[in-house]
Structures are given as C-alpha cells and as structure tokens.
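S.K.: Provided below for reference: sequence and predicted model.
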Amino acid sequence: MAEIFFSCQPIFDNELQHWGSELLFREGLENKFPSIDEDTATSRILSANFLASNSKQKLTRYIVSFGESSLLDEIPLSMPSQHLIIAVTDDCSPTAELVSKLRAYRAEGYRILMDGKVTNNEWRNYLELIDILSISMERDNPADWEYTISQYPQQVFLARKVEKQEELEAAQSYGFALFQGYFFEKPQIVRSEDVAPSVMSLLDICIIINKNPDDIDTLTKVISKDVSLLYKVVASANILAKTKTSKISNPRQAVVYLGVQALRRLVSLLIMSNLNHQHAAQLQNAALSRATFYSMLSIEDKAFNPDEAFIVGAFSLLDVMLSKPMADIVAQLDLSNDVKRALVNKEGIYGHLLQMSHDIDQANWNGLVHWCNQLKLSDKAVLKDFEAARASTADITASMQV
C-alpha cells in the first residue's frame, strides 16, 4: 500500500459555482513541488485519482498537466474526456506531431488548456486547438487582457491567483469566466492510498502484447494474478469502454471491453507511476532488445528454444529494475530450470547468451568470438542479428509507448 499526495484547488465560474479542480502531484502534506520528473508526477495523479481503490468518480472536471512525452504517448486517453482537462505545459513546442495529437484529443472530446502567453508566441497560429487560456493575476494586470479576450470569443479565460474581492470583480468586468485562487479556497493536500501493480506483471503484459496482441486469454491470465492490476483494468474499462453493453462480470470481459490499445496506454501509465520513467524506459528497451536478439538466433541445439530465450532476455535486467537480487525475483516466477539457471547463475545455453550480449555491449570482440564458437554461430551473423534486434526493438517501443 502506497500513500499518494496531490494538491486539489477548486475553480469557480462567473456565478461562483464550483466548475472543477486542478490536481498537482505533491510528495507529502506540504504544498511543495515534487522532486520527480513531470511524466511520473502526472501518471501518479491519474493512477491515484481515477484508478485507486478509494477514488470516487464524481461528476466534476479535473485539470491535469501533461508534458510532451505524456501527450505523444497518448496517456490522457487513459482517462475519460468528460472529466479531464488537458493542461499543456509551457515547455511544449508546436511540433507537427504534437499539434496532430492535440487535434486528435479534441476530436475525442477532450478540452485543452494553455497559459495565456501562447497568444504571443509560436502557439499563436494554433489557438483554435485551445479551449481555455489561463492568466495569472500575480503576473499580469487583467485590464491588459480585455482587448485580447474580446478578440477570442471562442476561448474561455481562467484568472489564476485571485486573492481579493476587488481582483475578482476586476477580472469579471474584463471578461474572465473562470477563477481560481486563495480568495476562494487554499489548495487542499489530498492523501490517497494506492496499491501499485507488480512491475513484473506490467512487463509481462508488454511482452505478450508485443508477441501476440490478440491473445486475450493469456493477457487475462496474467492480469488475473495481480489484484491491483486487475482492479485498475476493470476500473479503466468501466470508465473508458465505449462499446460496453453490460456490467463487467469477469476479467476477460474487462480486457475485451478495454481493448489492446487502451491496455497498452494503461500499462504505460502504471509503469511511469511506479518507476522513474526515463530510467525505466532505457532498461526496458535494453531488455526487449536482448529478448528479440536471443529469439532471432539460429542455434542448432536441442536445449535451445526461441520462446525461452526471449523470456531470458526480457527478464535479464529485472534485478536492476526492481533493486532486488535476481534469485529472489526468479523464486517468485514459474520458469523452467534452464531459464532460472541462466538468469541466476549465467549457466547453460541461455547463460552463454547473456554472457555473449555482455561482451557485445562491452565491445569485447574476443569474448564474442569465444561464445560464437561455443554456440556454433558465425560472429558476423550474430552481429547482424544484434543490429536487427535493436532496430526491431526501436519500432516496438515506439508503438508500445512504454
């Protein structure tokens, strides 16, 4: 059980009715910015607020900030459009890819919020994508925005940092329609309990989707073994499934309703919420590259099975990812003895593969030749497979977005 903290500050409309709330990740009960990367913070907010076991699906709107990586990874699609306002962070640039994604989000019913300064920077040519523009009363004089507001009647303007009655009245007179600040209510730090799914379960799902995305039965079997993951899949299917005609009564039904694409995004979100995203992505890419490389090798040995070789490569960095001894991790997994011997002791034919990849990574060409002789392989063919696996992994991880 993990404690998740986030700041929740309400937003009010012109009639001073509660319109929605802004959610910001926090590391504790103090209202301070966290010392983690933005993608991880966003993912933890979404996981805790929408998918945690004690979350309540209220009919309200939540503003959540998304960086470029999360936007391109389609993480917002993990949440219902009627409850989520996508706040694009200031460091995002209007690249063709990002603009295309924002158009797609709006087509799905999501609303986009950006800082008002985009009216004077490179985003000004894409204002039709923006539904809400926010202005800080602390930074700007609301009178300076009266003309701009009149020129953009299709956008709603949000006044932030409203701390006095006269500031509220001034903002209203100049055309602002939404208001946030200490005048109404200070941010509340909300504590949420969240049970994180097993990282191994998440990685297992990634591997299955990579190899056979239509294998619903195997996906269901893996998900069913992890209570937290199963809950989050069912919760996500309940709030996202557009074709759901009846209540979910079994795990397979939840997986079918959610669909493979949405499951990919959910797994991506959960991995980011539990690990340092950039570090985890590098380790996962390396592991998947090894898995693909091993399964591509043409080894004429009865002890060699490409599927087992794939598992060895995929799990070969779990000790680094989980900060646990490999022996402890393997003891929890139902794996063949050959796979366990390789992962724990680097023994057997699969152990040779692990030692060979290490030599390739270290540019130890004498070591590579040694293992190629042991496995009766051509070193040139092995290096060709190695490069092909890296290229294939780049394509896979781009489509998996984890």
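M.R.: That came in fine, so what should we check first? Computed from a prediction, not measured in an experiment: that's the story for all the values here.
S.K.: Show the backbone phi and psi for Trp371.
M.R.: Main-chain dihedrals, Trp371, degrees, to the nearest 10: phi -70, psi -30.
S.K.: Could you number the chain from 51 rather than 1 from now on?
M.R.: All right, first residue 51 from here; so that's Trp421.
S.K.: measure it to Tyr400 for me?
M.R.: Counting by CB to CB, to the nearest Å, the gap from Trp421 to Tyr400 is 12 Å. Where you see a C-beta, it was placed from the backbone N, CA and C, and this is true even at glycine.
S.K.: Ala392 too?
M.R.: From Ala392 across to Tyr400, the span is 3 Å (CB to CB).
S.K.: Tell me which of Trp421 and Tyr400 has more neighbours.
M.R.: Higher neighbour count among Trp421 and Tyr400: Tyr400, with 26 against 21, using other CB atoms under 10 Å.
S.K.: my read is the more buried one is in a strand, agree?
M.R.: No: checked against DSSP: H, G, I helix; E, B strand; the rest coil, Tyr400 lies outside a strand; its state is helix.
S.K.: which phi and psi does the residue nearest the centre of the chain have?
M.R.: For the chain, Leu319 is the residue whose C-alpha lies nearest the centre (CA atoms, centre = their mean; 2.8 Å). Here is the backbone geometry of Leu319 (degrees, to the nearest 10): phi -60, psi -50.
S.K.: right, and it touches Val114 too?
M.R.: No: using CB atoms under 8 Å, Leu319 makes no contact with Val114, being 11.7 Å away.
S.K.: which neighbours do the two share?
M.R.: Residues touching both Leu319 and Val114 (CB atoms under 8 Å, 6 or more residues apart in numbering) are Leu96.
S.K.: hang on, the earlier thing: hey, what's in contact with both of Ala392 and Tyr400?
M.R.: Val362.
S.K.: Would you mind measuring from the residue nearest to Val362 when sequence neighbours are not counted to Phe226?
M.R.: In space, and not counting its chain neighbours, Val362 is closest to Tyr400: 4.4 Å by CB to CB, 6 or more residues apart in numbering. From Tyr400 over to Phe226 the distance is 64 Å, taken as CB to CB.
S.K.: Can you give the contact residues for stretch 430-446?
M.R.: Residues contacting stretch 430-446 (CB under 8 Å, 6+ apart): 260, 335, 338-340, 342-343, 346-348, 406-407, 410, 418, 422.
S.K.: can we see that at 7 Å?
M.R.: When contacts are defined by CB atoms under 7 Å, 6 or more residues apart in numbering, stretch 430-446 is touched by residues 260, 335, 338-339, 342-343, 346-347, 410, 422.
S.K.: Out of those residues, which comes closest to Val249?
M.R.: Closest to Val249 out of these is Leu338 (14.4 Å), distances taken as CB to CB.
S.K.: Check the contact between that closest one and Ile361; I expect there is one.
M.R.: No: counting by CB atoms under 7 Å, Leu338 does not reach Ile361; the two are 11.7 Å apart.
S.K.: quick one: which of these two has more around it?
M.R.: It is Leu338, of Leu338 and Ile361, that has more neighbours when counted by other CB under 10 Å, with 27 against 22.
S.K.: Am I right that Asn62 is in a strand?
M.R.: For the record, residue 62 is Phe, not Asn. Yes: with three-state DSSP as the criterion, Phe62 is part of a strand.
S.K.: Check the gap between the nearest residue to it once chain neighbours are set aside and Tyr197 for me.
M.R.: Excluding the flanking residues, the one nearest Phe62 by CB to CB, 6+ apart is Phe229, at 5.1 Å. To Tyr197, Phe229 is 20 Å away according to CB to CB.
S.K.: And for Leu418?
M.R.: Distance, Leu418 to Tyr197, by CB to CB: 69 Å.
S.K.: Surely Val272 and Leu253 touch.
M.R.: No: Val272 is beyond contact range of Leu253, at 10.1 Å (criterion: CB under 7 Å).
S.K.: Need the overlap of contacts for the two.
M.R.: Residues touching both Val272 and Leu253 by CB under 7 Å, 6+ apart: none at all.
S.K.: ok, these two, which is more surrounded?
M.R.: Neighbour totals were compared for Val272 and Leu253, and Leu253 leads with 24 against 20 (other CB under 10 Å).
S.K.: which SS state does the more buried one fall under?
M.R.: Following three-state DSSP, Leu253 is assigned to helix.
S.K.: for the one 5 residues further on, same thing?
M.R.: Recorded secondary structure, Ile258: helix (three-state DSSP).
S.K.: For it, list the residues it contacts.
M.R.: 265, 268-269, 272.
S.K.: Those in helices, which ones?
M.R.: Within those, residues falling in helices by DSSP state H are 268-269, 272.
S.K.: just for the stretch 351-452 of the chain, where's the confidence low?
M.R.: For the stretch 351-452 of the chain, the stretches flagged by pLDDT under 70 are 371-373, 382-384, 446-452.
S.K.: How are the helices of it distributed by residue range?
M.R.: Per DSSP state H, counting those that start in this stretch, the stretch 351-452 of the chain carries helices over the ranges 356-365, 368-372, 376-381, 387-395, 398-411, 415-425, 429-450.
S.K.: okay, now Asp63: neighbour count?
M.R.: Using other CB under 10 Å, Asp63 has 13 neighbouring residues.
S.K.: Settle this for me: it is touching Trp69, isn't it.
M.R.: Yes: counting by CB under 7 Å, Trp69 is a contact partner of Asp63 at 4.5 Å.
S.K.: what's the overlap in contacts for the two?
M.R.: Here Asp63 and Trp69 share the contacting residues Leu228, scored by CB under 7 Å, 6+ apart.
S.K.: separation between the residue nearest to Val362 and Leu347?
M.R.: Distance, Tyr400 to Leu347, using CB to CB: 11 Å.
S.K.: again, but for Ser251
M.R.: Counting by CB to CB, the gap from Ser251 to Leu347 is 28 Å.
S.K.: what do you get for Val310?
M.R.: To Leu347, Val310 is 28 Å away according to CB to CB.
S.K.: Going by neighbour count, list what's buried in stretch 406-415.
M.R.: Residues of stretch 406-415 classed as buried: 406-410 (neighbour count, 16 or more other CB atoms under 10 Å).
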